[in-house]
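**Student:** using only what follows, build the 3D model:
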Amino acid sequence: MLTIIYKRKKCIGCNSCVLVCPLFFSMSKIDGKSVLLKSIKKKENYILKGIDNVFFNNLIKAKKICPVKIINIVKY
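**Tutor:** From the prediction side, this is the model:
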């Protein structure tokens with residue numbers, strides 16, 4: 001199982017994560033930043049737990065392509 005930790009406050013709205021991983025990310029029409037879908041806000045981060053390992057490669061692509069390095073993937 002996987003957990004995504006996303007630091008939305010630091011997002012620059014480049015849309016890269018949405019392009020490589022649209023199942024988990026979309027762009028906000030309100031502020032132009034990326035949104036981690038179905039996530040829960042905890043302090044400054046947005047967290048999505050319980051993701052199946054089959055999505056690992058796509059999530060790693062989103063993590064690597066992010067120019068400000070605000071996406072973290074944790075395996076457990």
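**Student:** hey, let's count contacts and neighbours off CA atoms from now on
**Tutor:** OK.
**Student:** any idea how far apart the tips of stretch 52-72 sit?
**Tutor:** Distance between the two ends of stretch 52-72: 15 Å, counting by Cα to Cα, to the nearest Å.
**Student:** same question, stretch 23-32
**Tutor:** Start-to-end, stretch 23-32 (Cα to Cα) is 18 Å.
**Student:** which other residues reach it?
**Tutor:** Stretch 23-32 is contacted from outside by Gly13, Asn15, Cys17, Val18, Lys33, Ser34, Val35, Leu36, Leu37, using Cα atoms under 8 Å, 6 or more residues apart in numbering.
**Student:** just the ones of the residues you listed in helices?
**Tutor:** The members of the contacts of stretch 23-32 that map onto helices under DSSP state H are Cys17, Val18.
**Student:** quick check: ChimeraX command selecting the buried ones in the contacts of stretch 23-32.
**Tutor:** In ChimeraX syntax, the buried subset of these is picked out as below (16 or more other Cα atoms under 10 Å):
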select :13,15,17,18,33,34,35,36
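**Student:** where in this structure is pLDDT low?
**Tutor:** In the predicted model, the chain carries no residue with pLDDT under 70.
**Student:** tell me where it has strands.
**Tutor:** 2-6, 25-27, 34-36, 40-42, 45-51, 71-75 (DSSP state E).
**Student:** quick one: which of the ones you listed is nearest Asn57?
**Tutor:** Checking the strands of the chain against Asn57 by Cα to Cα gives strand 71-75 as the closest, at 10.5 Å.
**Student:** pull out the buried residues from that closest one.
**Tutor:** By neighbour count with 16+ other Cα under 10 Å, strand 71-75 contains the buried residues Ile71, Asn72, Ile73.
**Student:** as a markdown table, the residues you listed with distance to Leu59 would be great.
**Tutor:** Formatted as a markdown table, the buried residues of strand 71-75 follow (distance: Cα to Cα, whole Å):
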| residue | distance to Leu59 |
| --- | --- |
| Ile71 | 9 |
| Asn72 | 9 |
| Ile73 | 7 |
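**Student:** could you identify the most distant pair in the contacts of stretch 23-32?
**Tutor:** Gly13 and Leu37 (15.1 Å).
**Student:** got TSV for the strands of the chain, with distance to Lys64 too?
**Tutor:** Shown next, in TSV, are the strands of the chain (distance: least, Cα to Cα, whole Å):
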stretch	distance to Lys64
strand 2-6	13
strand 25-27	14
strand 34-36	15
strand 40-42	22
strand 45-51	18
strand 71-75	8
